[in-house]
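Q: here are the coordinates; sequence isn't available:
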């Protein structure tokens, strides 16, 4: 099985259990996951957040696969990761990452690396829609 | 809501989705999880691992609640955690931890702290049953 079992940009709601199942195997003693959700407020917003609109570059899925493979190889891990695009409400998952490895050190390190690399490298942008009607574009790292 | 929503020693199979749901809330932008599973081999065992038998001290659930509360308070996080006892087969989850926090740094730090403190402090022991018929007791930190 490939060390990257899912690497997807999706307009559909993300399935956390499916990502965890996609990295499970008999030699893995440790699984970690990260879920990034839309919060109900943001220090940079002018009001409470109503929704976010995510847009991706056509190359984003390839970039996601590459950064997932890099983390998997560096840490001897399996990785499943998806980023959702489109309009998301408060509480919706924008990013789901699941990782498995023989031991917990590698499982935590690979999971952390994937989300940091997504923030730094993935060409996905978000437009924050506040309850006062204002809208703010936020780029990578936001 | 209490920052520790689940802290349980259980003889039943652990429900990962229930732990993640127990820490979800509108102000949490980041959720992390850790699952520790029985592996099919162990460098200390004399053969392949068939099963593990976990036994706990009667005070273990109180200790689990205390270390979870400590991590929750130090990192401004919510924590749900369970440790399973009894006989577990390869692939079964022995520990499940879910954490939520405003940002990913705290969510990763609290999750990591809970599993390290479990390994160091929780009075749970395991007896490793190998396929060659041998059995080895392993204490804290194993």
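A: On my side now, so go ahead. Please read these numbers as outputs of a predicted model, since none were measured by experiment.

Q: ranges for the strands of chain A?
A: Under the criterion DSSP state E, chain A contains strands at A:4-10, A:30-37, A:49-56, A:78-84, A:86-89, A:93-101, A:124-130, A:135-138.

Q: and the fifth one, how far out from the chain's middle?
A: When C-alpha coordinates are averaged (Cα atoms, centre = their mean, to the nearest Å), strand A:86-89 and its chain have centres 14 Å apart.

Q: near chain B, anything from it?
A: No. Strand A:86-89 stays clear of chain B (Cβ under 8 Å from any Cβ of the partner chain), getting no nearer than 10.5 Å. Bear in mind the C-beta positions are built from the backbone N, C-alpha and C, glycine included.

Q: list the contacts of that strand.
A: If you take Cβ atoms under 8 Å, 6 or more residues apart in numbering or on different chains as the criterion, strand A:86-89 is touched by A:11, A:38, A:50-54, A:94.

Q: circling back to that earlier point, with mean neighbour count added, can I get the strands of chain A in JSON lines?
A: Listed next are the strands of chain A as JSON lines, based on neighbours: other Cβ atoms under 10 Å in any protein chain shown:
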{"stretch": "strand A:4-10", "mean neighbour count": "21"}
{"stretch": "strand A:30-37", "mean neighbour count": "25"}
{"stretch": "strand A:49-56", "mean neighbour count": "18"}
{"stretch": "strand A:78-84", "mean neighbour count": "26"}
{"stretch": "strand A:86-89", "mean neighbour count": "14"}
{"stretch": "strand A:93-101", "mean neighbour count": "26"}
{"stretch": "strand A:124-130", "mean neighbour count": "18"}
{"stretch": "strand A:135-138", "mean neighbour count": "14"}
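
Q: can you put these in TSV and add mean pLDDT?
A: Output for the strands of chain A, formatted as TSV (pLDDT from 0 to 100):
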stretch	mean pLDDT
strand A:4-10	98
strand A:30-37	97
strand A:49-56	90
strand A:78-84	98
strand A:86-89	95
strand A:93-101	98
strand A:124-130	88
strand A:135-138	78
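
Q: how about those strands, which one is nearest residue B:103?
A: Residue B:103 lies closest, by Cβ to Cβ, to one member of these: strand A:30-37, at 9.8 Å.

Q: need the longest helix for chain A.
A: If you go by DSSP state H, chain A has its longest helix at helix A:104-121.

Q: buried residues in it?
A: Of all the residues in helix A:104-121, those buried under the rule 16 or more other Cβ atoms under 10 Å in any protein chain shown are A:104, A:106-115, A:117-118, A:121.

Q: quick revisit: out of the strands of chain A, flag the one nearest residue B:19.
A: Taking Cβ to Cβ, strand A:30-37 is the member of the strands of chain A nearest to residue B:19, at 10.7 Å.

Q: are the closest one and chain B in contact anywhere?
A: Yes. Using Cβ under 8 Å from any Cβ, strand A:30-37 comes into contact with chain B via A:30-37.

Q: likewise for stretch A:121-140?
A: No. Between stretch A:121-140 and chain B, judged by Cβ under 8 Å from any Cβ, nothing touches; the nearest distance is 12.4 Å.

Q: run the chain-centre distance for that stretch.
A: The gap between where stretch A:121-140 is centred and where its chain is centred comes out at 16 Å by Cα atoms, centre = their mean.

Q: same thing with stretch A:14-28?
A: Remark: stretch A:14-28 is offset 15 Å from the chain centroid, using Cα atoms, centre = their mean.
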